[in-house]
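Asks: could you look at this predicted model? Sequence included:
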Amino acid sequence: MNKKNDLKILKFPNSIVQIEKQVEAILFAAEEPLDIESIQEKLNTRANISKILDSLEKQYKNKFLQDLKKQIHLKNLVYLEFFQLLLN
């Protein structure tokens, strides 16, 4: 493949990420829960908002689980160090 085609492939996901960021911003800025139609009106788009919301939900779940695993790992390290100090 030539470089021109490679650039097109790399740019494709950016538009998806951009609209996800816009939906996310709308959700965080909202004073009350919004339905899909309201979000679509604010974006003035025909994008599949339901699919975008599903994607954001998965991202947040994954981030939460990763953060939780890190916290558990760090907590285990602290306990391990504590018990090593007790044994020495």
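Replies: Sure thing, it's come through.
Asks: all contacts plus neighbour counts: C-alpha atoms, from now on.
Replies: Will do.
Asks: distance check, I26 against L68.
Replies: Between I26 and L68 the distance is 26 Å, computed by C-alpha to C-alpha, to the nearest Å.
Asks: of the two, who's got more company?
Replies: For I26 versus L68, the count of surrounding residues by other C-alpha atoms under 10 Å is larger for I26: 16 against 12.
Asks: just to confirm, which helix or strand has the nearest residue to the more buried one once chain neighbours are set aside in it?
Replies: In this structure, I26 finds its nearest non-sequential neighbour in I39, 7.2 Å apart by C-alpha to C-alpha, 6 or more residues apart in numbering. Per DSSP states H and E, I39 falls inside helix 36-43.
Asks: low-confidence stretches in this structure?
Replies: Low-confidence segments of the chain, defined by pLDDT under 70: 1-16.
Asks: for the lengthiest helix in it, list every residue counted as buried.
Replies: Longest helix in the chain, counting residues (DSSP state H): helix 49-87. Buried residues in helix 49-87, counted by 16 or more other C-alpha atoms under 10 Å: 49, 52-53, 56.
Asks: then stretch 28-43?
Replies: Buried residues in stretch 28-43, defined by neighbour count with 16+ other C-alpha under 10 Å: 39-40.
Asks: measure it end to end?
Replies: Taking C-alpha to C-alpha, the first and last residues of stretch 28-43 lie 14 Å apart.
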